[in-house]
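Asker: Could you look at this predicted model? Sequence included:
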Amino acid sequence: TFSRMDHSTDSEKFYGSILATFVDPDEKEEVDPLLEWWNRQIFPGHVSVSRRSINSNSALAHIKERQVWIKAQRMQQEQGQ
């Protein structure tokens, strides 16, 4: 049975540490293959975003386009300082 805190494990802290590892840029090289493996195990029909073509009019395409724009704006601000 799941419990936020049992006598031997602080599950909430453990969960937080896993999430922190997933978003840590220094762990990307190990995390990306792990998530690919996990997704193939749990979702056999899974195709990673990096391997699938993105419709240029999709929400994901618009999000990625905005990310590029935001990065360009940040770079311009950093160069102007």
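Answerer: That came through, no problem. These numbers come from a predicted model, not from an experiment.
Asker: Measure how far the strand or helix carrying residue 67 is from the centre of its chain, please.
Answerer: Element membership for residue 67, per DSSP states H and E: helix 59-80. Centroid separation between helix 59-80 and its chain, computed with CA atoms, centre = their mean, to the nearest Å, is 18 Å.
Asker: pull the CA atoms of it into CSV?
Answerer: Provided in CSV are the C-alpha atoms of helix 59-80 (Å, rounded to 0.1, in the frame of the first residue of the first chain):
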residue,chain,number,x,y,z
ALA,A,59,-0.1,22.5,-31.0
LEU,A,60,3.3,20.9,-30.5
ALA,A,61,4.8,22.6,-33.5
HIS,A,62,3.5,25.9,-32.2
ILE,A,63,5.0,25.3,-28.8
LYS,A,64,8.4,24.4,-30.3
GLU,A,65,8.2,27.5,-32.5
ARG,A,66,7.6,29.6,-29.4
GLN,A,67,10.5,28.0,-27.6
VAL,A,68,12.8,28.9,-30.4
TRP,A,69,11.5,32.5,-30.3
ILE,A,70,11.9,32.8,-26.5
LYS,A,71,15.5,31.4,-26.7
ALA,A,72,16.3,34.0,-29.5
GLN,A,73,14.9,36.8,-27.3
ARG,A,74,17.0,35.7,-24.3
MET,A,75,20.1,35.6,-26.4
GLN,A,76,19.5,39.0,-27.8
GLN,A,77,19.0,40.4,-24.2
GLU,A,78,22.2,38.7,-23.0
GLN,A,79,24.2,40.1,-25.9
GLY,A,80,22.7,43.6,-25.3
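Asker: Which elements pack onto it?
Answerer: In terms of contacts (3 or more CB pairs under 8 Å, 6 or more residues apart in numbering; DSSP states H and E), helix 59-80 is not packed against any helix or strand. In short, each C-beta sits where N, CA and C put it, glycine included.
Asker: Could you shift the numbering so residue one becomes 165, and keep it that way?
Answerer: With 165 as the first residue, the last one maps to helix 223-244.
Asker: average model confidence for that helix?
Answerer: For helix 223-244, the mean pLDDT works out to 90.
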